[in-house]
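Asker: please work out how this folds:
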Amino acid sequence: MTTSSTGASAAILVVNDAEGARYVITRMLERSGFAVITASTGSEALQRIADDRPRLVVLDIELPDVGGLEVCRRIKAAAVTQHIKVLHTSAVYVATESKVHSLESGADGYLSQPFEREELVATVRSLLRLTDAEQALRDRADQLDEANRRTHEFLAMLAHELRNPLAAIVASLPLVERRPPSDEAESTAREVMRRQAGQLARLVDDLLDVARVTQGKIELRQQTVELTRLVKRVAQGIGQSKMRPRSQTLETSVPPYPLFVHADETRLEQVVANLLDNASKYTDCGGWARLDLEYEEVPGSPGRALVVVRDGGIGLAPESLDTIFDLFSQADVPLARSRGGLGVGLTLVRRLVELHGGEVRAASAGRGQGSTFTVRLPLAGKPRAHDAGAVSAPSLTEGSARKRILLVEDNEDAQTVLTMLLELWGHEVDTANDGLAGIACAVRGRPDIALIDLGLPGIDGFEVARRIRATPEGRDIMLVALTGYGSATDRDNALAAGFDVHAVKPIDPAKLLELVSGPLVRQVARADGERR
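Answerer: Got it, this is the predicted structure:
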């Protein structure tokens, strides 16, 4: 082997078993200013590539050991070398078929010998420019990935930090509403606070969820879900909370029989709620929306469920139909920002529907002519009309016994209002500001229920639960984790630490009342109030 230039500066590896041809190609490239290293066999070439990582290989096809086609395949098959450009040369294999075999092996170019220096140098420079362009794209992609990662980390942390003050606000509302309002202004203020607190909670949830979904961190907990009942329940809730205060009408039509899907019920509720919320947001006060659940036959399968949300709102321009589901996208009209929202709701809808094997489409006749969103979901079984009675809602029984409750919470405002709320419901409450004090209170007082914040100073809530469970006094206490983190992994970690329930802040006061006033249930499978 002869070496014209070695070391980290080497840019081109010339591989040819014919010494004369190897010398000529090397001199051509060196006269044009390139640093060159050489090899005479395929095995030597592979070793030089591993050691020196050239930017380009001028590779003769006919070699005495490992042929040039196989060397090329190995270069392109390895992740660390696949970006290296390969220029095949040959004085023997010059037919079109040979060139096709060369390119199919992964080569980036092909020259038949003999060739002029100008042709070789021009081809080499073209391939190196391509290498530089590809490297720039890889660097840009790495930068975008890092920026995307940091953005989602920030969104997740922002949402988490917003939960503590939001939890205190939500828990304060029932205390304010213990007595009738003194006048119409106070009544309106209470309604505004309740509605806006709910809206802020939804925005926080959407921020967290869209970060998880776009990073592929959503885990669906699928089961057989009765979609007819779910749609009616969500429509009733959104109609009362969102549309009635804006004097909007919502018509709902569902089939007289159940439609079953294999799905995560919580996530499907999110899909329907976000579509209805979007319809209300982009429809003027006094306007209308309609929700239809339909059955669509599909040959060779149980069919599909169609969830169709129509509204008489501002509509969509044709160019918006392709981007409306993109992250942070909103309708391209002057009033879009004034209507609120972050532009993440429809992104979440699309990702969740796709995770369920379905699809979602947007349609509109144009601005000012309303919008239609159609979700298609595969059914778990063909619907049967005689199952109509299965649509009835389940009943819920609750106890109302006075309970001893320990609240371990370091946020002073949240601790104060939750204590007042629990005492208002007739329960006896003890409090602690950190993990060690919480353990001592649990062992000493043996409460029926311990509500424990996970983000505590000193030792966190996970360790608090583990230590309480390790004591004889703590084995029968119902432990509830209160946290701003609501992923499936967070919940699983909480249950593994000994918690019975994982509840995401801000917990709905109605859910909290159901949790602490109902019968004590140890090691429940799902989290009351959780938004997974």
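
Asker: count the residues that sit near Glu118.
Answerer: Burial measure for Glu118: 10 neighbouring residues, criterion other C-beta atoms under 10 Å. Glycine gets a C-beta too; all of them are placed from N, C-alpha and C.

Asker: actually Ala305, not the one I typed
Answerer: Counted with other C-beta under 10 Å, the burial measure for Ala305 works out to 26 neighbours.

Asker: same check, this time on the one 4 residues further on
Answerer: Neighbourhood size, Val309 [other C-beta under 10 Å]: 23.

Asker: and it, how far from Asn16?
Answerer: Distance of Val309 to Asn16, computed by C-beta to C-beta, to the nearest Å: 68 Å.

Asker: over to Ile468?
Answerer: Applying C-beta to C-beta, one obtains 75 Å for the distance of Ile468 from Asn16.

Asker: report the contact partners of Gly461.
Answerer: Residues touching Gly461, when contacts are defined by C-beta atoms under 8 Å, 6 or more residues apart in numbering, comprise 408, 435, 452-455, 481-483, 494, 497.

Asker: cutoff 10 Å now
Answerer: 408-409, 435, 438, 450, 452-455, 479, 481-483, 494, 497, 499 (C-beta atoms under 10 Å, 6 or more residues apart in numbering).

Asker: let's see which of these end up in strands.
Answerer: In strands, defined here by DSSP state E, the members of the contacts of Gly461 are 408, 450, 452-453, 479, 481-483.

Asker: ranges for the strands of the stretch 351-500 of the chain?
Answerer: Counting by DSSP state E, counting those that start in this stretch, the stretch 351-500 of the chain has these strands, from start to end: 359-363, 371-378, 404-408, 428-432, 449-453, 478-483.

Asker: the strands in the stretch 1-150 of the chain, which residues?
Answerer: When secondary structure is read from DSSP E, counting those that start in this stretch, the stretch 1-150 of the chain shows strands at 12-15, 36-39, 56-60, 85-90, 109-112.

Asker: next: the stretch 201-350 of the chain.
Answerer: Secondary structure of the stretch 201-350 of the chain (DSSP E, counting those that start in this stretch): strands at 223-226, 249-253, 260-263, 288-296, 304-311.

Asker: where in the stretch 1-150 of the chain is pLDDT low?
Answerer: For the stretch 1-150 of the chain, residues meeting the criterion pLDDT under 70 lie at 1-10, 94.

Asker: do the stretch 351-500 of the chain as well
Answerer: Per-residue confidence for the stretch 351-500 of the chain (pLDDT under 70) gives these ranges: 384-400, 486-487.

Asker: same check on the stretch 201-350 of the chain?
Answerer: In the stretch 201-350 of the chain, residues with pLDDT under 70: 207-218, 327-344.

Asker: thinking again about what came up before, and of the ones in strands among the contacts of Gly461, the nearest to Ser40?
Answerer: Taking C-beta to C-beta as the measure, Thr483 is the one of those closest to Ser40, at 65.5 Å.

Asker: related to what we said a few turns ago, what subset of the ones in strands among the contacts of Gly461 is buried?
Answerer: The neighbour count (16 or more other C-beta atoms under 10 Å) marks 408, 450, 452-453, 479, 481-483 as buried among the ones in strands among the contacts of Gly461.

Asker: out of those residues, which one sits closest to Pro114?
Answerer: Comparing these against Pro114 with C-beta to C-beta places Thr483 closest, at 73.3 Å.

Asker: contacts only, for the residue nearest to the closest one when sequence neighbours are not counted.
Answerer: For Thr483, ignoring the flanking residues on the chain, the nearest one in space by C-beta to C-beta, 6 or more residues apart in numbering is Leu454 at 4.1 Å. Counting by C-beta under 10 Å, 6+ apart, Leu454 touches 408, 435, 460-465, 481-485, 490, 493-494, 497, 499, 502, 505.

Asker: you'd agree Ser280 is up against Ala235?
Answerer: No: no contact is recorded between Ser280 and Ala235 when judged using C-beta atoms under 10 Å, the distance being 11.6 Å.

Asker: which residues do those two both contact?
Answerer: Common neighbours of Ser280 and Ala235, using C-beta under 10 Å, 6+ apart, are 243, 250, 289.

Asker: and stretch 98-109, which residues are buried?
Answerer: When burial is assessed from 16+ other C-beta under 10 Å, stretch 98-109 yields the following buried residues: 98-99, 101-102, 105-109.

Asker: kindly apply the preceding question to stretch 306-326 instead.
Answerer: If you call a residue buried by 16+ other C-beta under 10 Å, then stretch 306-326 has these buried ones: 306-316, 320, 324-325.
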